[in-house]
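*Asks:* Structure, please.
(one chain, ligands or ions: 1)
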Amino acid sequence: MSESARVAIVTGAARGIGAATALRLAADGMAVAVVDIDAAATGETVATIEAAGGRAIGVGADVSDADQVAAAVARVADELGAPTVLVNNAGVLRDNLLFKMSPTDWDTVMNVHLRGAFLFTQATQKHMVEQRWGRIVNLSSTSALGNRGQVNYSAAKAGLQGFTKTLAIELGPFGITANAVAPGFIVTEMTAATAERMKIDFDELQKHAASEIPVRRVGRPEDIAHTISFLAGEGASFVSGQVIYVAGGPKD
Ligand code: NAP
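*Replies:* Alright, predicted model coming up:
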C-alpha cells in the first residue's frame, strides 16, 4: 500500500497542534479525518486542507464518549477508508492547586486525555490489525514530569506515556507502532488561556518562557506536527514505545 492511501484520524484538530498536524499529514499525502468536539469548528481545518489539494472530512465527536467515538471511527472507515494512523491530541486544562481542585476538574481531564485516547485507540486498532500496519501517536507533555497547579493534567500526561509503551508491546506484532510526543511551551489557545488564568500578558509569558528554553524561542504547532509526521511515516517502523520531548531542550 502506498503512503497516499493512508487514512489518518487527528482528534482535537479544529485548532492548535491538532490543526497543524492534520494539515501536515494531509500534505504528506494522507486523507485526514479532522475530529473535534464541535463539528462546525472543524470546517476551517478541512477547508485549508482541501484548498491545498488534500482530502479531509470534519467529524464531530467527544473523545470521552464511547458511542460517539465508535460512530466517528465507523464514519471515517466508511467515507475515507480504514484509518491506520491515529493522533490522540484532544486536550483540556482544568488547572488548580491540589487543595482547590474539584473532583469534577480531575475527572474532566482524565476523561478527555486518558479515556479519550483509550476509546479512540481501541476503536481504531482493529482496522490497523486487519491491515497489519498502523501508527499511533499520543500527545503527552513536559508537564508529565510535574508542574505546579496541574496535578490532574500531569497525571494524565504521565499516564499517556505508560499507555503508549503498553500499546507498543501489545500491537507491535501487528506492524503497529505507538509513540508519544511531549511538547514544551507551544503557542496555542491553550497556552493563551493559561496566561489569562495567571493574569499575565501572553506576549510577556512567551518572552519569559523563551528565556528559559535552551533554543531561546517558544514552540509552534508546526514543530509538533513535524515530529508527528516523522512518527506516522513509513520510515519510522522501528521506532516504538518512545516518548519524544519536543521542547527546545532536554527534559528528564
Ligand atoms: P487547544 O488549542 O486547546 O486545542 C485542543 C482542541 O481539542 C480544541 O479544539 C478542543 O475543542 C478539542 N477538544 C477538547 N476536548 C475535546 C473532547 N472531549 N473531544 C474532542 N475534542 C476536544 O490545545 P493545543 O495547545 O493545540 O494542545 C493539543 C494537545 O497538545 C493537547 O493534548 C495538549 O494537552 C497537548 N500539549 C499542548 C501544549 C501547549 O503548550 N500548547 C504543551 C504540551 C502538550 P474545544 O475548544 O471546543 O474545547
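*Asks:* Quickly list what Gly219 is bridged to.
*Replies:* Assessed by DSSP bridges, Gly219 has beta-bridge partners Ile186.
*Asks:* What pLDDT is listed against it?
*Replies:* Confidence at Gly219, expressed as pLDDT, is 98.
*Asks:* can you list the residues of the stretch 1-150 of the chain near the ligand?
*Replies:* Applying CB under 6 Å from any ligand atom, we find that the stretch 1-150 of the chain lies next to the ligand at 11-12, 14-18, 36-38, 62-64, 89-92, 112, 116, 139, 141. C-beta: built from backbone N, CA, C; applies to glycine.
*Asks:* Nearest to the ligand within the stretch 51-200 of the chain, name that residue for me.
*Replies:* Per CB to the nearest ligand atom, Gly91 is where the stretch 51-200 of the chain lies closest to the ligand, at 2.5 Å.
*Asks:* which residue ranges form the strands in the stretch 1-150 of the chain?
*Replies:* Under the criterion DSSP state E, counting those that start in this stretch, strands of the stretch 1-150 of the chain are mapped to 7-11, 31-36, 56-60, 85-88, 134-139.
*Asks:* mind listing what's buried in the third one?
*Replies:* So the one you mean is strand 56-60. Neighbour-count burial for strand 56-60, counted by 16 or more other CB atoms under 10 Å, picks out 56-60.
*Asks:* just checking, what's the longest helix in the protein?
*Replies:* The helix that spans the most residues within the chain, counting by DSSP state H, is helix 151-171.
*Asks:* Any idea which helix or strand in the protein has the lowest mean pLDDT?
*Replies:* helix 189-197 (a mean of 95; mean pLDDT, DSSP states H and E).
*Asks:* Name the next helix or strand following it along the chain.
*Replies:* helix 202-212 (DSSP states H and E).
*Asks:* What are the contacting residues of that following helix?
*Replies:* Applying CB atoms under 8 Å, 6 or more residues apart in numbering, the external contacts of helix 202-212 come out as 185, 187, 191-192, 194-196, 198, 216-218.
*Asks:* got the buried residues for the helix or strand following that helix?
*Replies:* Later in the chain than helix 202-212, the nearest helix or strand by DSSP H and E is helix 221-232. Buried residues in helix 221-232, counted by 16+ other CB under 10 Å: 221, 223-225, 227-232.
*Asks:* what about the helix or strand following helix 221-232 and the ligand, touching?
*Replies:* Once helix 221-232 ends, the next helix or strand along the chain (criterion: DSSP H and E) is strand 243-246. No. Strand 243-246 lies apart from the ligand when judged by CB under 6 Å from any ligand atom; the minimum separation is 8.9 Å.
*Asks:* Thank you, goodbye.
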